[in-house]
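A.B. asks: test case, fold it:
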Amino acid sequence: MSNPFIMAIRQNPQQFLGELETGEIKAITEACVAQLEARAKAGDGAAPGALQALYRVLANVEI
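C.D. replies: Residues are numbered from 1 along each chain as shown. Next up is the predicted model:
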């Protein structure tokens, strides 16, 4: 895949995400959750597990 966004996040996710503003990270996160939800409803077998893993990580976040 030659998408620069995907290449950057795969090569160095810490650097890529670290340079984004909080609002941008929030928008990306919301879009990812919506996409996983849509894929799960469409029958993508990997999507429900990915969404559940995301929910588990968020449940363990301490602020």
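A.B. asks: list the contacts of residue 28.
C.D. replies: residue 20 (CB atoms under 8 Å, 6 or more residues apart in numbering). For the C-beta atoms, the positions are set from N, CA and C on the backbone; glycine is no exception.
A.B. asks: against residue 45, how distant is it?
C.D. replies: 24 Å (CB to CB, to the nearest Å).
A.B. asks: residue 52 now?
C.D. replies: From residue 52 to residue 45 the distance is 13 Å (CB to CB).
A.B. asks: more crowded one of the two?
C.D. replies: Neighbour count, other CB atoms under 10 Å: between residue 52 and residue 45, residue 52 has more, with 12 against 8.
A.B. asks: show the average pLDDT along stretch 12-19.
C.D. replies: In this model, stretch 12-19 has an average pLDDT of 94.
A.B. asks: what comes up buried for it?
C.D. replies: Across stretch 12-19, burial judged by 16 or more other CB atoms under 10 Å covers no residue at all.
A.B. asks: dump that stretch to PDB, keeping only the CA atoms.
C.D. replies: This file holds the C-alpha atoms of stretch 12-19, laid out as PDB (Å, rounded to 0.1, in the frame of the first residue of the first chain):
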ATOM      1  CA  ASN A  12       6.800   4.800  13.400                       C
ATOM      2  CA  PRO A  13       3.400   5.100  15.100                       C
ATOM      3  CA  GLN A  14       4.700   6.900  18.200                       C
ATOM      4  CA  GLN A  15       6.300   9.700  16.100                       C
ATOM      5  CA  PHE A  16       3.300   9.900  13.700                       C
ATOM      6  CA  LEU A  17       0.700  10.100  16.500                       C
ATOM      7  CA  GLY A  18       2.900  12.300  18.700                       C
ATOM      8  CA  GLU A  19       2.900  15.000  16.100                       C
END
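A.B. asks: quick check, distance from it to the centre of its chain.
C.D. replies: Stretch 12-19 has its C-alpha centroid displaced from the chain centroid by 13 Å (CA atoms, centre = their mean, to the nearest Å).
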